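Q: A structural model of the following input is requested.
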Amino acid sequence: MGMLLGVQITPASTQDRDGAVPLLREAHREYPTLKHIWADGAYHGSVIDKVRADTGLTIEIVKRTDDLRGLVVLPRRWVVERTNGWLCKWRLLNKEYERTLESAAPMSFTQ
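A: Alright, predicted model coming up:
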């Protein structure tokens, strides 16, 4: 359904797949019935493979092939884009005014 189950805020220097590791582990702890996750092509590699092995989660990478041109609707990708559209309506998620990670995470859910 595209509902958020967790939030991980990282510095811009953190690769997406590396930032996803603690988020996936926390989601698995908080929601033990969670079994399948769809992820963008950026979420591949040995760290994600380790999360798969440690948690038993099925992480399906949805990739766009290089031979496609123009607008191509990818499976399950629309859920992410729709959710991002909803979240951009929140001022604190649209324009980040916080100066530290410690204050940014709690403020994300106050509106």
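Q: just for the chain, where's the confidence low?
A: For the chain, residues meeting the criterion pLDDT under 70 lie at 1-2, 90-99, 101, 103-111.
Q: looks to me like residue 61 is in a strand.
A: Yes: looking at residue 61 with DSSP: H, G, I helix; E, B strand; the rest coil, it is inside a strand.
Q: isn't it up against residue 45?
A: No: between residue 61 and residue 45 there is no contact under CB atoms under 8 Å: 10.0 Å. In this view, the C-beta of every residue, glycine as well, is placed from N, C-alpha and C.
Q: could you name the helices and strands sitting against the helix ranked longest in the chain?
A: When the chain is parsed with DSSP state H, its longest helix is helix 16-30. The contact analysis (3 or more CB pairs under 8 Å, 6 or more residues apart in numbering; DSSP states H and E) places helix 16-30 against strand 36-40, helix 46-55.
Q: switch to 6 Å and redo it
A: The helices and strands touching helix 16-30, judged by 3 or more CB pairs under 6 Å, 6 or more residues apart in numbering; DSSP states H and E, are helix 46-55.
Q: which strands and helices lie in contact with the helix it packs on?
A: Taking 3+ CB pairs under 6 Å, 6+ apart as the contact cut, helix 46-55 packs with helix 16-30.
Q: let's see that with 8 Å instead.
A: Using 3+ CB pairs under 8 Å, 6+ apart, helix 46-55 sits against helix 16-30, strand 58-62.
Q: if we can go back for a sec, tell me the angle the longest helix of the chain makes with strand 58-62.
A: 150 degrees (axes from the mean of the first three to the mean of the last three CA atoms, to 10 degrees).
Q: what residues of helix 16-30 count as buried?
A: Within helix 16-30, the residues scored as buried using 16 or more other CB atoms under 10 Å are 17, 20-21, 23-24, 27-28.
Q: nearest residue to the middle of the chain?
A: residue 20 (6.6 Å; CA atoms, centre = their mean).
Q: how about the nearest residue to it, chain neighbours excluded?
A: Nearest non-adjacent residue to residue 20, counting by CB to CB, 6 or more residues apart in numbering: residue 43, 5.7 Å away.
Q: right, I'll leave it there.
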